[in-house]
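Asks: whatever this is, show me its structure:
(one chain, ligands or ions: 3)
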Amino acid sequence: MHLVKVLVEMPALALDQEFDYLSVKEIPPRVRVNILFNRRNVIGYVTKVEKTDLTKGELEARLGYRLSYIKNVIDESPLLNEELETIAFNLARQSFSSKIACIQTMLPKQLKPATVQAVGKKYQLYLSVSAKLPERLTKRQQEGYEFVRDKGKVKLTDFPYSKAIVDKLIALELLVKTREEIYREAMAVKLEGIPAPELNPDQAKIVKAIMLKKDTSFTALIHGVTGSGKTEVYLSLAAATIKSGRQVIMLVPEIALTPMMVKAFKNRFGDTVAVIHSRLSSGQRYDEYRRISNQEVDIVVGARSAIFAPLANVGLIVMDEEHDSSYKQDAKSPRYGTLNVAKMRSRFHGCPLVLGSATPSLESYARAKNGVYDLYELTNRINGRDLPHITMVDMKKELKNQNYSIFSQLLKDKIQATIAKGQQVILLLNKRGYATAIQCLECGHVIKCPHCDVSLTYHKDQNKLKCHYCDYQVDFTGRCPDCHSPALKLTGEGTQKVAELIEAEFEGAKVLRFDVDSTRNKDGHQKILEQFENKEANILLGTQMIAKGLDFKDVTLVGVLNGDAALNLPDFRANERCFVLLEQVSGRAGRDSLEGEVIIQSYDIDHPVYKALLNHDYHQFFVQEMRIRKMANYPPFVHLASVLVTSKSEKNAATQSQLIANYLKKTSGLEVLGPAPSLIHRIEDHYRYWIMVKFKDSKVIYPCLQNVVAKYLNDRFVQVVVDFNPYNQI
Ligand code: ADP
Ligand code: ZN
Ligand code: ZN
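Replies: Ligands and ions are numbered 1, 2, ... in the order given. Predicted coordinates:
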């Protein structure tokens, strides 16, 4: 008899618990099973299996409760290996989430504990010849037979003769039909067979130093300006790692925006590269996952979730653009940081973790400066060019000169001149939709979301008003919902409106829009980028997603329409976000032989962030920003945890958040800010209050927050969400 511990997720308790079941047969641990739980059929996850000589009756007598048998084992082999199971359980503990939720995060949809396999394996039919020798065939049959014999093995679909001939040859037992499993290809790329360039001395030094310590766990930070050859360093490290018989995890933020990295790796390493990201079809995802867990690949390239790739012998982990906030999962449980998981894996495998960025997070750069990470700098661009020159335009002056347009005179002239030369322009406007606010000129009413405290955005292409915080949308009638006046004022130009303005304003302008709305379909990103690459348009207008990883050789002008947008957020990272965004978007200009330039429009041109930006001087920015962080006591000088309290009742949210803050304030070693109403006080009919806790020692805060979470776990009226190292304060 086997006593089996099964993890069951119970919505009522929110957190998971283990229960005992019986099995006569031996079953492996870490598989899913069907069980009866409270007279319901549920799926559980086996954590432990113990063989015993006792009978069912004896076991029940000893444990003091009735035991039932496992009904059915779902998986043939363990879903996770031991390493990943340990990480899942650690994450659950650290982020106050359920173990099942953590396991789910690690698996493709088809394998999640709560679902039964929906997508099947895909097969291909093949023909081959048998040992039997042919006699008395017709001419066509003989040809068909020889065709297969000469090729050895032929896909059924590639067989150039009729079905009657195939059937006959099979009936005669001359040909055999076999069914083989195939994998759906994820992100097919045209292989160009580009040979690896010889590394320059700076690059070579980094590769050598890291590979010298390849069998130990440590973190290295490569700070290199855009185009300084970081990717080439990753490729070279990967090649050396594979050569030593180990595997590589290559992480990028939001892979849909950076197909370049996949292309570079597939070009260099061919079929041994697997790709994981959220836009793969579920079939592709499932297949890539199985190729990885069968250890059929050497390299996994992917976004955040690829850190959980079930590779057994990891020798290198790379996080490109390590500063990017999409490495943090904060929208749902478990709220985890990829860096934290990457460090656990690096320790387990005894291998390097390499972080790279042109604009490292302050936390990472400070650690590198303190010697916690090995620091490497790449200060020159490979093509020997300087970074593009930046000009700031004072929009207050434009107003004084009676230019009320969203374009300054300088930017207008430059755009016109650039497209006249047949070159391309990238414009950044961090606001999507057509108009972000609509006000009635008759009664003053501003049209708001009925469920959130935000104004609705007008989307002209669908003639709808949409909320950007929940799913609410409504047809636009052209009249005030309050007084029915048609005198409406649209303000806050978004990308849709500006795209219209551009085509009206500039001769020969052809605009492509690159934002969440225009890229919603599968492959939407790639399609737009290909059109731009093929020069079907000369202006690419987009939100911040335009700043990442794009590489077009004919882009010589980058314009930022609202430079201050990021600066004005009530967030201690506002300066950092602004610097990163503008430095990254600047890097899109003049990447090839043509020189590029950047124009930033601002109402606050003397802001210190712009001073550092004008020189492309990360170090200057780092020093001045560290001074501010130290004075205000923010990371990297302390750690942060946020506690978000939400409720349908404003009063409940207010009082409970006050109680929580009072409780935390009693603990020494914690600095508690708030509670305060969130920037957007109500989202999806829930009022939001927010507490920020600063701490140095997680041993102090941890039990406190655990008590808080436990207290509200079963509360039907108030929800509490804790987030360590939060990125968003809304
Ligand atoms: P980054 O990742 O820092 O932006 P990349 O690695 O993409 O920079 O390098 C920029 C360009 O320079 C790419 O086209 C790359 O192929 C090329 N490159 C990088 N290293 C070398 C080298 N050692 N010799 C020649 N070309 C190189
Ligand atoms: Zn809403
Ligand atoms: Zn009105």
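Asks: OK, contacts around the nearest residue to Thr105 once chain neighbours are set aside?
Replies: Distances taken as Cβ to Cβ, 6 or more residues apart in numbering put Pro334 closest to Thr105, at 6.1 Å, once the chain neighbours are dropped. Just so you know, the C-beta spots here come from the backbone N, C-alpha and C atoms, and that holds for glycine as well. Residues in contact with Pro334 (Cβ atoms under 8 Å, 6 or more residues apart in numbering) are 91-92, 95, 97, 101-102, 105.
Asks: same deal with Leu172?
Replies: 132, 134.
Asks: quick one: it from Gln141, how far?
Replies: For Leu172, the distance to Gln141 equals 8 Å [Cβ to Cβ, to the nearest Å].
Asks: now Thr418
Replies: Distance, Thr418 to Gln141, using Cβ to Cβ: 66 Å.
Asks: those two: which has the busier surroundings?
Replies: More neighbours surround Thr418 than the other of Thr418 and Gln141, with 22 against 19 (other Cβ atoms under 10 Å).
Asks: ok, the more buried one touching Val425?
Replies: Yes. Counting by Cβ atoms under 8 Å, Val425 is a contact partner of Thr418 at 5.3 Å.
Asks: which residues are in contact with each of the two?
Replies: With Cβ under 8 Å, 6+ apart, Thr418 and Val425 have common neighbours 538, 556-557.
Asks: out of those, which one sits closest to Met392?
Replies: Proximity of these to Met392 was ranked by Cβ to Cβ; the top entry is Leu557 with 15.0 Å.
Asks: with adjacent residues omitted, what lies nearest to the residue of the stretch 151-300 of the chain found nearest ligand 2?
Replies: For the stretch 151-300 of the chain, the nearest residue to ligand 2 under the criterion Cβ to the ion is Ser278, separated by 23.4 Å. Excluding its sequence neighbours, the residue lying closest to Ser278 (Cβ to Cβ, 6+ apart) is Ala303, at 6.9 Å.
Asks: what number of residues lie near the one you found?
Replies: 23.
Asks: if I look at the residue nearest to Thr105, what pLDDT would I see?
Replies: Pro334 carries a pLDDT score of 89 in this model.
Asks: please report how far it lies from Asn340.
Replies: 11 Å.
Asks: in which helix or strand does the residue nearest to Ala420 when sequence neighbours are not counted reside?
Replies: Spatially, and ignoring its direct neighbours in sequence, Ala420 is nearest to Gly508 (7.4 Å; Cβ to Cβ, 6+ apart). For Gly508, there is no enclosing helix or strand under DSSP states H and E.
Asks: now do the same for Gly508: its pLDDT.
Replies: So Gly508 comes in at 89 (pLDDT).
Asks: residues touching it, list them.
Replies: 419-420, 538.
Asks: and the longest strand seen in the chain with ligand 2, contact?
Replies: Determined from DSSP state E, the single longest strand within the chain is strand 670-683. No. Judged by Cβ under 5 Å from the ion, strand 670-683 stays clear of ligand 2, getting no closer than 6.6 Å.
Asks: and the contacts of the helix or strand just after that strand?
Replies: Downstream of strand 670-683, the first helix or strand assigned by DSSP H and E is strand 686-695. With contact meaning Cβ under 8 Å, 6+ apart, strand 686-695 is reached by 633-634, 638-650, 653-654, 657, 660-661, 664, 669-678, 680-682, 701, 705, 719, 729.
Asks: are any of these buried, and which?
Replies: 634, 639-647, 653-654, 657, 660-661, 664, 670, 672, 674-678, 681-682, 701, 705, 719, 729 (16 or more other Cβ atoms under 10 Å).
Asks: flag every residue of the stretch 401-550 of the chain that's near ligand 3.
Replies: 440, 442-443, 445, 480, 482-483, 485.
Asks: need those in CSV (columns: pLDDT).
Replies: Formatted as CSV, these follow (pLDDT from 0 to 100):
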residue, pLDDT
Cys440, 89
Glu442, 89
Cys443, 88
His445, 89
Cys480, 90
Asp482, 88
Cys483, 91
Ser485, 92
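Asks: now the most centrally placed residue in the chain: closest residue in space, sequence neighbours ignored.
Replies: Geometric centre of the chain, nearest residue: Glu254, 4.2 Å, by Cα atoms, centre = their mean. In space, and not counting its chain neighbours, Glu254 is closest to Ser326: 5.2 Å by Cβ to Cβ, 6+ apart.
Asks: the one you found: what's it in contact with?
Replies: Counted by Cβ under 8 Å, 6+ apart, Ser326 has contacts 253-254, 303-304.
Asks: can I take it that it is in a strand?
Replies: No. Going by DSSP: H, G, I helix; E, B strand; the rest coil, the assignment for Ser326 is helix, not a strand.
Asks: returning to what we had before: turn the shared contacts of Thr418 and Val425 into TSV, including neighbour count, distance to Ser77 and secondary structure.
Replies: TSV is the format used below for the shared contacts of Thr418 and Val425 (neighbours: other Cβ atoms under 10 Å; distance: Cβ to Cβ, whole Å; DSSP: H, G, I helix; E, B strand; the rest coil):
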residue	neighbour count	distance to Ser77	secondary structure
Asn538	23	54	coil
Thr556	23	55	strand
Leu557	25	55	strand
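Asks: from the residues you listed, pick the one nearest Lys396.
Replies: Leu557 (22.9 Å).
Asks: partners of the closest one in the sheet?
Replies: For Leu557, the beta-bridge partners are Val425, Glu597 (DSSP bridges).
Asks: how close does it get to ligand 2?
Replies: Distance, Leu557 to ligand 2, using Cβ to the ion, to the nearest Å: 37 Å.
Asks: what about Ser305, which SS state?
Replies: helix.
Asks: give me the number of residues near it?
Replies: 19.
Asks: same question for Arg179.
Replies: 10.
Asks: i'd like the first residue to be 18 from this point on
Replies: Sure, I'll start counting at 18 from here, so that last one is Arg196.
Asks: what are the phi and psi angles of it?
Replies: The phi and psi values for Arg196, taken as degrees, to the nearest 10, are phi -120, psi 120.
Asks: let me know the pLDDT of the residue nearest to it when sequence neighbours are not counted.
Replies: Sequence neighbours aside, Tyr140 is the residue nearest to Arg196 in space, at 4.9 Å (criterion: Cβ to Cβ, 6+ apart). pLDDT recorded at Tyr140 is 70.
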